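Novice: sequence and predicted structure are below.
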Amino acid sequence: MTLAPLSLDAVRRAAENAGLTMDDDELRMMLTLGQGALRACERLDEVSGHQPPVRYPRAGSQRPDAKDNPLNAWAVRCDVRGAATGRLAGRTVALKDMIPVAGVPMGGGSRLLRGHTPSYDATIVTRVLDDGGRITGIGTTEDLCLSGASVSSADGFVRNPWDTSRSAGGSSSGVAALVASGACDIGIGADQGGSIRIPAAQCGIYGLKPTYGLVPYTGCLPIDPSVDHVGPMARTARDLAALLEVIAGFDGGLDPRQRSQTAVPAYGEMLGDSLRGLRVGVLAEGFTADEAQSAVDETVRARVALLASLGAEIVDVSAPLHSYAMDIHSSVLLQGGAQFMLKGNGIGLPGKGFYDAEVALTAARGRALHSDLLFASVKYAATVGGHLWDVYGGHYYAKAQNLAIRLRHQYDQLLEDVDVLVLPTVRTTAPPLPDADASVVELTELALDPELIANTCAFNHTGHPALNVPAGLVDGLPVGMMLAGRHGDDGVVIRVAHALELNHGLADVPPGRAADSADAPLARA
Ligand SMILES: NC(=O)c1ccccc1
């Protein structure tokens, strides 16, 4: 692009913005030095940097008609066919609307990125296509992923397939509703505080927030690099294992979140029907003290009893810092979201790796033009998160990060004795969607309801793998059980889920969808 020439006035404004008092001599020196910096930018426009490859041809994409989108769960339809063979051959895949697919609009559920079309495929997209997957569309996401209920997307409410008057959960609302309703086979979501597991729990499917850094986040829209995860969503534990196997693993240093190059296990081969020798810790702080919500707790405890029937040993455990997870989460998401996602225009990441140069331009433009059209939860991060960082200099962001290290150690200590921790994923079932003319206050209370993330957010900050497992129904609505494991033990939590599924029946099925046959139950619970 053509850079605007640097003027003395521009330098003076920049100095003011940086809180600097400069006399004219100093300003003129900056102007002179600045010519070199501009020339460097021009030279960067002459060459191309690393760009992830686009390997498979793709036709057009379009927003579906309302009649073909009953849950409003598709943001965009497309059809990108990958390799003819592979571990996902013939499987249809939906991706959350913040995972770039070349040539397919990516909106982030937000006015911020309106009109943006990526020119490259994310690493996880290439991996899905290389292994035979067929991407049939993009799932609606909440506005910049900042909502646990399906009420905030610029594309409108997403409806829960179990009861279309209810929330699908968030922020991977569309993918969860699509997978649960059978509109696609599998999907990939993103989770910075529970955004895979909350909608998975409330739509009755499997959803894994993998070990931090296991699956490359490369190219996907961040909130804060310390909590960003992408992961698989599926109707069976076996499908989930297959998808994880395909998307996990080091991508050559493009994602600064990845610190290890360890080989990816064959998760599918770790599955079995016995849990003999497994030790399960029931995390006391994960269960509510409130009698009114005890139906969810009881449903989860009933599933835990089934684990025992498969040979697992059940013990009660406690992590007192678990109750601080929400406070860590509040500081990191609001301030990190303000710094990295918003001020950083989606590329404010520390460290080496691939940066989406185009999304930076789109987001900066979107912030200048459309900030007033963002959902209130995004405005909350921008205002209060920005305020906290400015006034306290990031002190409380740093304190939150440091407490997260202690929280991790507390779970690690428990996980020396037990193999998995178990707790309800969300302590409530899906709430009703408000009327279309509901107030912003009402929508925002739903989106940011602390009940939704009280349990899930802890593991974003500690990095442990955490999986939602469908655990039964309360008043006809799905309830999820969360299994958390040691760092790198994603295969263990999936194995536990699979054994349960195999011995005690498939997840219940929402109205209008036939049961899967892939993992036929041995016996009904
Ligand atoms: N992105 C998230 O995981 C999230 C979930 C719920 C509320 C806010 C953020």
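Specialist: Perfect, I can see it now.

Novice: residue contacts, residue 271?
Specialist: Counting by C-beta atoms under 8 Å, 6 or more residues apart in numbering, residue 271 touches 237-238, 241, 494-495, 498-499. (C-beta placed from N, C-alpha, C; glycine too.)

Novice: could I get the residues you listed as TSV with secondary structure?
Specialist: Formatted as TSV, those follow (DSSP: H, G, I helix; E, B strand; the rest coil):
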residue	secondary structure
237	helix
238	helix
241	helix
494	helix
495	helix
498	helix
499	helix
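
Novice: looking at those residues, which is nearest the ligand?
Specialist: residue 494 (20.5 Å; C-beta to the nearest ligand atom).

Novice: for the closest one, the count of nearby residues, please.
Specialist: Using other C-beta atoms under 10 Å, residue 494 has 28 other residues around it.

Novice: now it, nearest residue through space, not along the chain?
Specialist: residue 241 (5.0 Å; C-beta to C-beta, 6 or more residues apart in numbering).

Novice: ok, the one you found - contacts?
Specialist: Residue 241 neighbours (C-beta under 8 Å, 6+ apart): 267-268, 270-271, 491, 494, 498.

Novice: show me which residues of the helix or strand harbouring residue 244 are buried.
Specialist: Element membership for residue 244 (DSSP states H and E) is helix 237-247. Buried residues in helix 237-247, defined by neighbour count with 16 or more other C-beta atoms under 10 Å: 237-247.

Novice: average pLDDT for it?
Specialist: Averaging pLDDT along helix 237-247 gives 98.

Novice: next: stretch 196-214.
Specialist: 98.

Novice: equivalent analysis for stretch 365-380, please.
Specialist: Averaged across stretch 365-380, the pLDDT comes to 96.

Novice: near the ligand, which residues of the stretch 401-525 of the chain show up?
Specialist: Selection of the stretch 401-525 of the chain residues close to the ligand by C-beta under 6 Å from any ligand atom yields 452-453.

Novice: so what pLDDT did the residue in the stretch 401-525 of the chain positioned nearest to the ligand get?
Specialist: Taking C-beta to the nearest ligand atom, the ligand has its nearest neighbour within the stretch 401-525 of the chain at residue 453, 4.8 Å off. Residue 453 carries a pLDDT value of 97.

Novice: quick check: nearest residue in space to it, chain neighbours excluded?
Specialist: Computed as C-beta to C-beta, 6+ apart, the closest residue to residue 453 that is not its neighbour in sequence is residue 194, at 4.5 Å.

Novice: enumerate every residue touching that neighbour.
Specialist: So residue 194 contacts 148, 209, 425-426, 452-453, 455-457, 460 (C-beta under 8 Å, 6+ apart).

Novice: now do residue 385
Specialist: 333-339.

Novice: tell me what residue 189 is bridged to.
Specialist: residue 231 (DSSP bridges).

Novice: surely it and residue 229 touch.
Specialist: No: using C-beta atoms under 8 Å, residue 189 is not in contact with residue 229; the gap is 9.2 Å.

Novice: give me the more crowded residue out of these two.
Specialist: Using other C-beta under 10 Å as the criterion, residue 189 and residue 229 rank with residue 189 on top: 34 against 27.

Novice: re earlier: which neighbours does the next helix-or-strand element following the helix holding residue 244 have in its sheet, and in what orientation?
Specialist: Remark: after helix 237-247, the chain's next helix or strand is strand 279-283, criterion DSSP H and E. Partners of strand 279-283 in the sheet, by DSSP bridges, are strand 313-317 (parallel), strand 420-424 (parallel).

Novice: what residues does the last one touch?
Specialist: Contact partners of strand 420-424, identified using C-beta under 8 Å, 6+ apart, comprise 278-283, 285-288, 296-297, 300, 304, 307, 317, 411, 414-415, 455, 479-485, 492-493, 496.
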